[in-house]
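A.B. asks: Could you look at this predicted model? Sequence included:
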Amino acid sequence: MEAVIAIFALLFIAAVALGVYATVKAVGAAKRGVDRTITQARRTVEDTTLRAKSIGQVGVAGELAQLRLSLRTSMRATQDALNAGVAEDASLTESMDLFKRLSVHGHELDDELKRLEREPDKSTVAARLPELKERTQRITHSAESLRWAARDRAQQFANDDLENLTAQIDVEAGALRHWADEPDAAAGTAPGARPSGAAAPGTAAPGTAPGAAPGAAPGAAPGAAPGAEGPQAIAGADWRQTTYPWQKSARPEPTN
């Protein structure tokens with residue numbers, strides 16, 4: 001009795017532990033989903049704000065917004081392209097490592113541009129604009145190089161696969177069109193010739209009892225109806241030899 005109670009106690013503890021674990025995992029997944037949603041919403045708001053500033057404002061503020069928008073757009077597009085390609089092409093792992101290093105410089109530049117947007121001394125910011133533009137162009141150019149290289153690599157693989165598939169289809173289509181000599185090759189006789197072993201017209205097939213109807217099976221009793229056979233097994237005919245009205249006879253492969 002004590003053993004049964006101990007077993008039930010262990011099962012109860014295991015069920016409670018499993019429930020707690022599932023609850024913790026569900027809460028963690030929900031929290032990550034909320035964090036992703038908040039991050040995406042914040043990013044959308046920032047991009048919209050930068051786009052509005054780059055269009056509606058002139059001078060230093062508009063140029064800073066344009067630099068930030070160009071930097072963020074290029075880095076995000078490269079990240080999406082590499083994340084989509086690395087799942088199918090393991091050689092992009094090194095490219096992902098390089099992009100992570102480039103992202104460090106991108107975040108530093110974006111933070112600096114954000115601080116300069118709140119800088120009251122616009123003349124100092126205007127003096128630093130050429131250097132900031134040059135840094136932005138270097139980072140975006142590197143990101144674009146990685147992005148387009150990954151896309152060109154994926155496109156080349158797709159073209160090679162399509163070319164091989166087209167060649168295989170052309171070979172198969174050519175083989176399927178060799179139907180002219182198939183009937184004679186399958187029969188192995190000249191047109192109009194009687195197959196070997198066929199009885200001449202007016203004569204009974206070998207093994208057929210005298211007086212049996214034409215077409216009767218060998219050994220059938222005289223007077224039996226055509227097509228009548230002896231007792232069948234309970235299992236019936238083999239299902240693999242059953243034919244259906246919509247089936248066509250298999251064509252032999254061409255020999256030439």
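C.D. replies: Sure, I can see it.
A.B. asks: secondary structure class for residue 81?
C.D. replies: Three-state assignment for residue 81 (DSSP: H, G, I helix; E, B strand; the rest coil): helix.
A.B. asks: Go ahead and confirm it touches residue 144.
C.D. replies: No. Residue 81 lies out of contact with residue 144 (CB atoms under 8 Å); the separation is 10.1 Å. (C-beta placed from N, C-alpha, C; glycine too.)
A.B. asks: So if I had to pick from these two, which one is more boxed in?
C.D. replies: Taking neighbours as other CB atoms under 10 Å, residue 81 and residue 144 compare with residue 81 leading, 21 against 14.
A.B. asks: tell me the phi and psi of residue 118?
C.D. replies: When read as degrees, to the nearest 10, the backbone of residue 118 gives phi -100, psi 0.
A.B. asks: Against residue 2, how distant is it?
C.D. replies: Between residue 118 and residue 2 the distance is 73 Å, computed by CB to CB, to the nearest Å.
A.B. asks: now do residue 141
C.D. replies: 76 Å.
A.B. asks: who has more neighbours, those two?
C.D. replies: Taking other CB under 10 Å, residue 141 and residue 2 do not tie; residue 141 has more neighbours (10 against 6).
A.B. asks: May I ask which helix or strand encompasses the more buried one?
C.D. replies: Using DSSP states H and E, residue 141 maps to helix 122-176.
A.B. asks: Which elements pack onto that helix?
C.D. replies: When contacts are defined as 3 or more CB pairs under 8 Å, 6 or more residues apart in numbering; DSSP states H and E, helix 122-176 packs onto helix 60-86, helix 93-117.
A.B. asks: Any stretches of the stretch 101-250 of the chain with poor pLDDT?
C.D. replies: Applying pLDDT under 70 to the stretch 101-250 of the chain flags the ranges 180-250.
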